[in-house]
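Student: The following block contains a protein sequence and its predicted model.
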Amino acid sequence: MSASARTARSRVEQRRPDLLFSGASGYAVVAALVVVSYALCAAQRGPNPSPWAFLVTLMTVAVVFRVTAAPRMVQHVAWVILSAAGVATIVATLLGASGHILDIAFSAATMIALLASPVAIIGDQVKRRGLNAEALLAAVTAYVLVGLFFTFVFNLLSLVSPEPMFGGPDDDSLANQLFFSFTTLTTTGYGNLVPANATSQAVAVAEAITGQLFLITAVARIMRGAGANTTTAAPAPSKESS
């Protein structure tokens, strides 16, 4: 076999779809990991982030890069970084390491990981056409990931700021920050939790605007996909009629 033939075969094998981590099934795996991350965050009754939620977040990022078919080099570098972070987290947890600095590190690292995931999903979907289960799952998953990202923005603010974010020290739990983030993202409206300082208020405004822009973009993507499907399904005019 010639070198050119081997190269062509290698490219075909690299492009061969992975049934589990491609299309709608791949985004279903991402959605399942996001649900687990949400549940672990909702169970935290204190401001300290959960190391187990961080591990699930690392897994989510790795799967997102696989599903979105990121360049091989990006995937390899990401796997090295995520694996190192995961091993360090497991070792620190088993050794019982704790402290305010470690909590800040977990919060900041989770925030960065949660930012990378929706960016990769959106970057992948804007290049695609057609309305299908993959597009809908991708939009919903990215939307929830944006809410989780802002959750850890609020969490990091509460950890580094001496002032309570919601006006009372008992309210600054990760569960409350999660609830507050999604009521802000969806512009549902505030109830018993209201940002008490200028920084958290500015972040809340930014999240509300981001949520609206995301919905506009997602609706445009869905409508474009529906239009593409309609165009594809429309029969071509026959030569006899012309």
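Tutor: Noted; the coordinates are in hand.
Student: From the centroid of the chain, which residue is nearest?
Tutor: For the chain, Leu145 is the residue whose C-alpha lies nearest the centre (CA atoms, centre = their mean; 3.4 Å).
Student: Would you confirm that that residue contacts Ala113?
Tutor: No. Counting by CB atoms under 8 Å, Leu145 does not reach Ala113; the two are 9.7 Å apart. For the C-beta atoms, the positions are set from N, CA and C on the backbone; glycine is no exception.
Student: Three-state assignment for the nearest residue to Trp79 once chain neighbours are set aside, please.
Tutor: Leaving aside its sequence neighbours, Trp79 sits nearest to Ala62 (CB to CB, 6 or more residues apart in numbering; 6.4 Å). Reducing the assignment at Ala62 to three states with DSSP: H, G, I helix; E, B strand; the rest coil gives helix.
Student: Tell me, how many residues neighbour Ala97?
Tutor: Ala97 has 12 neighbouring residues, counting by other CB atoms under 10 Å.
Student: let me redo that: Trp52
Tutor: Residues near Trp52, counting by other CB under 10 Å, number 15.
Student: residues contacting it?
Tutor: 40, 93 (CB atoms under 8 Å, 6 or more residues apart in numbering).
Student: Val77 versus that one, what's the distance?
Tutor: From Trp52 across to Val77, the span is 24 Å (CB to CB, to the nearest Å).
Student: before we move on, what about Met111?
Tutor: Distance, Met111 to Val77, using CB to CB: 19 Å.
Student: More neighbours: which of the two?
Tutor: Neighbour tally, Met111 and Val77, criterion other CB under 10 Å: the higher count belongs to Met111, 20 against 13.
Student: So what's the residue count around the closest residue to the more buried one other than its chain neighbours?
Tutor: Distances taken as CB to CB, 6+ apart put Phe152 closest to Met111, at 3.9 Å, once the chain neighbours are dropped. Using other CB under 10 Å as the criterion, Phe152 is surrounded by 29 other residues.
Student: and if you look at Val56?
Tutor: Using other CB under 10 Å, Val56 has 20 other residues around it.
Student: That one sits in which helix or strand?
Tutor: Assigned by DSSP states H and E, Val56 belongs to helix 51-67.
Student: Averaged pLDDT, that helix. What do you get?
Tutor: Helix 51-67 comes out with an average pLDDT of 88.
Student: Tell me how far Leu145 lies from Gly167.
Tutor: Distance from Leu145 to Gly167, by CB to CB: 28 Å.
Student: Point to the helix or strand of the protein where mean pLDDT is at its lowest.
Tutor: helix 3-15 (a mean of 49; mean pLDDT, DSSP states H and E).
Student: Can you pull out the low-pLDDT segments for the chain?
Tutor: 1-21, 129-131, 168-170, 190, 219, 221-242 (pLDDT under 70).
Student: Would you map the helices across the chain?
Tutor: Ranges of helices within the chain are 3-15, 23-42, 51-67, 72-94, 100-125, 133-160, 174-185, 198-233, based on DSSP state H.
Student: distance between stretch 51-65 and the chain's centre?
Tutor: Relative to the centre of its chain, stretch 51-65 is centred 10 Å away, using CA atoms, centre = their mean, to the nearest Å.
Student: An error on my part: the question was meant for stretch 39-51.
Tutor: 17 Å.
Student: Stretch 25-36 too?
Tutor: With CA atoms, centre = their mean, you get 10 Å for stretch 25-36.
Student: Ala196 and Glu163 touch, don't they?
Tutor: Yes. Look at Ala196 against Glu163 with CB under 8 Å: they come within range, at 7.0 Å.
Student: Understood, closing this out.
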